[in-house]
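[1] generate coordinates for the sequence data below:
(4 chains)
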Number of protein chains: 2
Amino acid sequence: MSDTSGPRAHSNAPSSRGIATAQRIERSAVALVLEHGFDSTTVDMICADVGVSQRTFFNHFATKDAAVIGTAVPRLDESLVRAFIASTGPDLLADAAGLIAFPSTDGAADPELMRQRMRAVTSSAVLMQRQLERFASIEAELADVIEYRLARVSSADESADDVREQSRLTAHLLAGVMRYTAEALMTESPASLPDLLAQTRERLIRLLPKLGGRAN
Amino acid sequence: MSDTSGPRAHSNAPSSRGIATAQRIERSAVALVLEHGFDSTTVDMICADVGVSQRTFFNHFATKDAAVIGTAVPRLDESLVRAFIASTGPDLLADAAGLIAFPSTDGAADPELMRQRMRAVTSSAVLMQRQLERFASIEAELADVIEYRLARVSSADESADDVREQSRLTAHLLAGVMRYTAEALMTESPASLPDLLAQTRERLIRLLPKLGGRAN
DNA sequence: AGAAATACATGCAGTGACTGCAGACTGGCT
DNA sequence: AGCCAGTCTGCAGTCACTGCATGTATTTCT
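    Residues are numbered from 1 along each chain as shown, chains lettered A, B, ... in the order given. Presented below is the predicted three-dimensional model:
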């Protein structure tokens, strides 16, 4: 940042070559959010820090939070999906919870940035919220995958429509599991994500028989 | 609206006496949103329609959507809660789904306004989203209620903490059920809310044995 | 090489939600 | 009459975000 005024900067002179502008913005956004919190970090601050105009910022990111969270669209992990479909374990929902590992976003991106980003996102309820909203984009996909397993354990007197709706419902239940985990992630931050997921899964397995079916 | 300038208007002359400003704003907001959609309805439009300043608008409502959704905080229905706690049916989650009927907000408010509001909210994904976010405020309460039933069907080797966490998890699952229902509400709008809820409940009962426990 | 297309960056003016502040009118109370 | 409290107001400001017209560097075509 330092001096942003004058025509000087315009020549994104040396730096711009090596690292793409978008990446520099991302890094700066994550760092500033970690330092000041999401609400207290203005787009102008990020722009000043990076040395670009606000217009440029919005040419790269549609919203302020996109710069912090990243732009990659979450996808289901192929191999996990295959395993899930193939498996015939008794704990469908718990198995499905394994699909959310969480969905890899950037894959090959800088792991250090990923770690910082994770901290930044979990530090702000707003950001966590937005993050979860993004995951909604795989919900339909998730429902499709679930449908395979569900069809197998459904009786013949249930129509395909029934099964499809049940799959969608299950996907929403799974979203609930995600939210629960995300909440835990923000409070009991000490635990690592994989640990938390495993813990949630166990909890779910013990819980499910109590919720419906013939238990009780 | 017509002319908002000058000192003239100041006398929200006749109308202001009968109906409180906040109510007039609510009505106008709902009506305008139904007509133009949420995004295309600006706060200024509402203000002009009602004949108040923007500052007044925000003195009554913290946000634009609050004017449409209403300000009442959702609460669990006492009698439903008692019934739920007392019951020992096998379908805990499905029973809990009955608690969300949906939580009454305004109770005594104008039923016609309530109906319009419902239409307005279900017409916009943004508003539905906000509405659901509000329900999050009863989630803790919900978890407490669920804990009673859950404690009853839990084995002795599960700690109180376990049960509490399972209750919170269940509350989140229930939130998933709500979201599923809300989604259905926005698309298959024909069905009435009570019908939809009953339908979801049935679906849930048939679904649960397939998800975990000993089924399959 | 030179022209033209392309991609990225910029300033600028504008919209729309929302806030803080200070002033003004109202109705009721003493 | 004088005062308090509640309500309403304009105004100026912040912040996210958009459209547009322009500029410049790099690539690609000829």
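[2] now for the helix or strand containing residue A:95, which elements pack on it?
    Assigned by DSSP states H and E, residue A:95 falls within helix A:92-97. Applying 3 or more Cβ pairs under 8 Å, 6 or more residues apart in numbering or on different chains; DSSP states H and E, one finds that helix A:92-97 contacts helix A:139-152, helix A:160-187, helix A:193-211, helix B:193-211. C-beta here means a position set from N, CA and C on the backbone, and glycine is covered the same way.
[3] need these in TSV (columns: distance to residue B:79, mean neighbour count and mean pLDDT).
    As requested, the helices and strands packed on helix A:92-97 are exported to TSV (distance: least, Cβ to Cβ, whole Å; neighbours: other Cβ atoms under 10 Å in any protein chain shown; pLDDT from 0 to 100):
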stretch	distance to residue B:79	mean neighbour count	mean pLDDT
helix A:139-152	34	18	93
helix A:160-187	26	20	94
helix A:193-211	23	19	89
helix B:193-211	16	19	89
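[4] just put those helices in a markdown table and tack on distance to DNA strand D.
    Shown next, in a markdown table, are the helices and strands packed on helix A:92-97 (distance: least, Cβ to the nearest atom of the strand, whole Å):
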| stretch | distance to DNA strand D |
| --- | --- |
| helix A:139-152 | 23 |
| helix A:160-187 | 21 |
| helix A:193-211 | 27 |
| helix B:193-211 | 32 |
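[5] out of those helices, the one nearest DNA strand C is which?
    helix A:160-187 (23.2 Å; Cβ to the nearest atom of the strand).
[6] show me the shaky parts of chain A.
    Scanning chain A for pLDDT under 70 picks out A:1-19, A:101-109, A:189-191, A:213-216.
[7] the most centrally placed residue in it and residue A:76, how far apart?
    Relative to the mean C-alpha position of chain A, the nearest C-alpha, by Cα atoms, centre = their mean, is the one of residue A:131, at 4.9 Å. Residue A:131 is 16 Å from residue A:76, where distance means Cβ to Cβ, to the nearest Å.
[8] ok, the residue nearest to the centre of chain A - contacts?
    A:69, A:121, A:182 (Cβ atoms under 8 Å, 6 or more residues apart in numbering or on different chains).
[9] the same query, at a cut-off of 10 Å, please.
    Applying Cβ atoms under 10 Å, 6 or more residues apart in numbering or on different chains, we find residue A:131 in contact with A:65, A:68-70, A:74, A:102, A:105, A:117-118, A:121-122, A:124, A:178, A:182.
[10] out of the residues you listed, who's the most crowded?
    Of the contacts of residue A:131, residue A:68 is surrounded by the most neighbours, 28 neighbours in total, counting by other Cβ atoms under 10 Å in any protein chain shown.
[11] hang on, the earlier thing: to residue B:52, which of the helices and strands packed on helix A:92-97 lies closest?
    If you check each of these against residue B:52 by Cβ to Cβ, helix B:193-211 wins as the nearest, at 32.6 Å.
[12] give the buried residues for stretch A:21-40.
    A:21-22, A:24-34, A:38 (16 or more other Cβ atoms under 10 Å in any protein chain shown).
[13] ok, and which of those reach DNA strand C?
    Contacts with DNA strand C within those, counted by Cβ under 7 Å from any atom of the strand: residue A:21.
[14] and of the buried residues of stretch A:21-40, the nearest to DNA strand D?
    residue A:38 (8.5 Å).
[15] spell out the secondary structure type for the closest one.
    coil (DSSP: H, G, I helix; E, B strand; the rest coil).
[16] who are the contact partners of it?
    Per Cβ under 10 Å, 6+ apart, neighbours of residue A:38: A:29, A:32, A:64-65, A:68, A:120-121, A:123-127, A:130.
[17] ok, it to residue A:69 distance?
    Distance, residue A:38 to residue A:69, by Cβ to Cβ: 10 Å.
[18] mutual contacts of the two, please.
    Joint contacts of residue A:38 and residue A:69 (Cβ under 10 Å, 6+ apart) are A:29, A:120, A:121, A:127, A:130.
[19] can you redo the residues you listed as CSV with secondary structure?
    CSV is the format used below for those (three-state DSSP):
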residue, secondary structure
A:29, helix
A:120, helix
A:121, helix
A:127, helix
A:130, helix
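[20] wait, residue A:148 touches residue A:86, no?
    Yes: if you go by Cβ atoms under 10 Å, residue A:148 and residue A:86 touch, sitting 9.5 Å apart.
[21] pretty sure residue A:177 is touching residue A:135, no?
    No: the pair residue A:177 / residue A:135 is not scored as a contact, 11.4 Å apart, by Cβ under 10 Å.
[22] list residues touching both of those two?
    Listed as contacting both residue A:177 and residue A:135 by Cβ under 10 Å, 6+ apart are residue A:100.
[23] counting by contacts, list what the host helix or strand of residue A:48 packs against.
    Using DSSP H and E, the element containing residue A:48 is helix A:43-50. In terms of contacts (3 or more Cβ pairs under 10 Å, 6 or more residues apart in numbering or on different chains; DSSP states H and E), helix A:43-50 is packed against helix A:21-36, helix A:54-60, helix A:64-69.
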